[in-house]
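K.L.:
When you get a sec, could you give me coordinates for this:
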Amino acid sequence: MANILLTTHWSDGDVMPFVRIGTILKQRGHKVTLFTHCYYEQIARDAQLDFIAWDTPEQYKNMIFDMANYTDTLAGSAEIQAFCEKYEGIDVRLTEYAKIAKRCGPEDTVIVAKNRSGIAALLAAEKFKYPIIYIYICPFELESILIYHDLFREKLRKEANDLRNRLGLKPVDSWISWQCSPKVHLGIWTKWFYNESNEWPGKVDPVGYPGVSSEKLSQNTLSDDLQTIFDEDPSPLLITGGTSKQIKP
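P.N.:
Coordinates of the predicted model:
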C-alpha cells in the first residue's frame, strides 16, 4: 500500500479527474489524500479520500470572481500576471508546500500533481526525494505552458529560484525544463486524440480516461441525432468550448 498525494487546482475539469484517479487508487488499497480547493471537500469525502483544502470558502469565492475577470480570452499579459501573482505567488506556493510536507512522512509516498500548478508538489517531491507524476488534463495544456513560458520566461525562472532558495534547493536555469523534470508525464486522453507536439521539450504518454477502457467507450450508445451525424460523416470535426464556468460572470 502506498501513500498517494494528489494535488490539483482550479475548477471541475481540473479536479474531477483527480477524484476519479483517487477513487481507483483507493479501491486498490492505497492511502489517498486529495489536495485542492475547499469547494471539493464533500466530493472527496464521498469518494472516501482524505482531504486537505488549499483555501477557505471566502478565498475560494474570491478566486472564482477573479477568474471571471482575469481569465477572459481577451485579457492581456497584465491581467494574467495580476491573477498569477495573487493565486500562484511565492507565499501561496510556500503555504501549499507546508501542507503537502505534513503528509510526506511514509517512505512509500508517491505524489501525483496537475502540471504547471503543481509547483508546491514538485518542490516537495524534490525536497523529500519522492517520485512525482505529472498529469495533463487535455493536449492544449502543453501548448498553453509553452505560451506561458514565452510570456513570462525570466519572471518564472526568478520566482522558481526564489522558492528553491527558501527551501535550500539549487537554482535552475530554465523554468520550462524544471516543469519537465518529473520522470513520468501522463496525458489522460487517448492516443488518437492528439499528435505529439514537436515543440514540447518532454514526453507525455497518453493513457486514456481514468478507469474507462477503450472497450467500454466503444459500447456507449449515441443519441439518434448524434448517430445521424456519424452515419453521414464518420470523421466529424470535434469542437469544444471547454468546461469552465468562469469565463464570464
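K.L.:
check contacts around the residue nearest in space to the middle of the chain.
P.N.:
If you average the C-alpha coordinates of the chain and look for the closest C-alpha using C-alpha atoms, centre = their mean, you land on residue 114, 2.3 Å from that point. Contact partners of residue 114, counting by C-beta atoms under 8 Å, 6 or more residues apart in numbering, are 7, 8, 9, 14, 18, 134, 135, 137. Placement of C-beta: from N, CA and C, glycine included.
K.L.:
at 7 Å instead, please
P.N.:
7, 8, 9, 14, 135 (C-beta atoms under 7 Å, 6 or more residues apart in numbering).
K.L.:
Spatially, which two of these are the most separated?
P.N.:
Greatest spatial distance among the contacts of residue 114 (C-beta to C-beta): 9 and 135, at 11.8 Å.
K.L.:
Which residue of those two possesses the greater neighbour count?
P.N.:
When residue 9 and residue 135 are compared for neighbours, residue 135 comes out ahead with 26 against 22, by other C-beta atoms under 10 Å.
K.L.:
Can you name the secondary structure element that comes next after the helix or strand that that one is a member of?
P.N.:
Using DSSP states H and E, residue 135 falls within strand 132-136. Where DSSP H and E defines the elements, the next helix or strand beyond strand 132-136 is helix 140-166.
K.L.:
Next, the buried residues of the following helix or strand past that next one.
P.N.:
Proceeding C-terminally, helix 140-166 gives way to helix 175-179 as the next helix or strand, assigned by DSSP H and E. Residues of helix 175-179 classed as buried: 175, 176, 178, 179 (neighbour count, 16 or more other C-beta atoms under 10 Å).
K.L.:
Would you check the contacts of residue 114 and say which has the weakest pLDDT?
P.N.:
pLDDT across the contacts of residue 114 is at its lowest for residue 14, which sits at 93.
K.L.:
Please identify the nearest residue in space to that one, excluding sequence neighbours.
P.N.:
Counting by C-beta to C-beta, 6 or more residues apart in numbering, residue 14 lies nearest to residue 8, which is 5.4 Å off, once chain neighbours are set aside.
K.L.:
For the one you found, which residues are in contact?
P.N.:
For residue 8, the set of contacting residues under the criterion of C-beta under 7 Å, 6+ apart consists of 14, 15, 18, 36, 114.
K.L.:
Could you list the low-pLDDT ranges of this structure?
P.N.:
Screening the chain residue by residue with the criterion pLDDT under 70, one finds the ranges 70-77, 213-220, 239-249.
K.L.:
quick one, strands of it?
P.N.:
For the chain, the strands identified by DSSP state E occupy 3-7, 31-36, 50-53, 109-114, 132-136, 184-187, 205-206, in order along the chain.
K.L.:
List the strands paired with the first one, with their directions.
P.N.:
Which is strand 3-7. For strand 3-7, the paired strands and their directions (DSSP bridges) read strand 31-36 (parallel), strand 109-114 (parallel).
K.L.:
Of all those strands, which one is nearest residue 94?
P.N.:
Ranking the strands paired with strand 3-7 by distance to residue 94, with C-beta to C-beta as the measure, places strand 31-36 first at 14.3 Å.
K.L.:
Can you list the neighbours in contact with that closest one?
P.N.:
In this structure, residues lying in contact with strand 31-36 by C-beta under 7 Å, 6+ apart are 1, 3-9, 15, 18-19, 22, 25-26, 44, 49-52, 54, 99-100, 103.
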